[in-house]
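In: when you get a sec, could you give me coordinates for this:
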Amino acid sequence: FQHGDGSKGLPSFGPYDSIHVGAAAPQLPEALVEQLAAPGRMIVPVGPQWGAQELVVVDKDAAGNVTQRTECGVRYVPLHM
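Out: Model (predicted):
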């Protein structure tokens, strides 16, 4: 088990082909985007604890180019950072 700031990920075990974040981050965690393999995909809820949140899909292609799209509105517990 690892204990720490979930928004920082765990770079020593990366890069990761896929990342699923199970709690809402106030903004897209750039450290996790950096740890995403090329190609790779991350699913992360983004938004304030008591406000509108969105499920964001982040894709990194084989060349390392990153795109993101909003899939739908969601409500998750907050990611402790």
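In: beta partners of the residue positioned nearest the centre of the chain?
Out: Relative to the mean C-alpha position of the chain, the nearest C-alpha, by CA atoms, centre = their mean, is the one of Val44, at 4.1 Å. In this structure, Val44 has the following beta-bridge partners (DSSP bridges): Val56.
In: I figured it was touching Ala25, is that so?
Out: Yes - here Val44 lies in contact with Ala25, judged by CB atoms under 8 Å, at a distance of 6.1 Å. In this view, the C-beta of every residue, glycine as well, is placed from N, C-alpha and C.
In: how about Pro39: what's its closest non-neighbour residue?
Out: Using CB to CB, 6 or more residues apart in numbering and skipping residues adjacent in sequence, the residue nearest Pro39 is Ala62, 5.0 Å away.
In: count the residues that sit near the one you found.
Out: Around Ala62 there are 9 other residues, counting by other CB atoms under 10 Å.
In: start at 46, not 1
Out: Fine by me, first position is 46 from now on; the one you just mentioned is Ala107.
In: that one should be in a strand, yeah?
Out: No - according to DSSP: H, G, I helix; E, B strand; the rest coil, the state of Ala107 is coil, so it is not within a strand.
In: any idea how far it is from Ala83?
Out: Between Ala107 and Ala83 the computed distance is 6 Å (CB to CB, to the nearest Å).
In: same thing with Gly109?
Out: For Gly109, the distance to Ala83 (CB to CB) stands at 5 Å.
In: cool, and Pro71?
Out: Relative to Ala83, Pro71 is positioned 26 Å away (criterion: CB to CB).
In: could you do Val103 as well?
Out: Taking CB to CB, one finds Val103 at 12 Å from Ala83.
In: then Ala97?
Out: Between Ala97 and Ala83 the computed distance is 31 Å (CB to CB).
In: more neighbours: these two, which one.
Out: Neighbours per residue (other CB under 10 Å) separate Ala97 from Ala83, with Ala83 holding more: 14 against 10.
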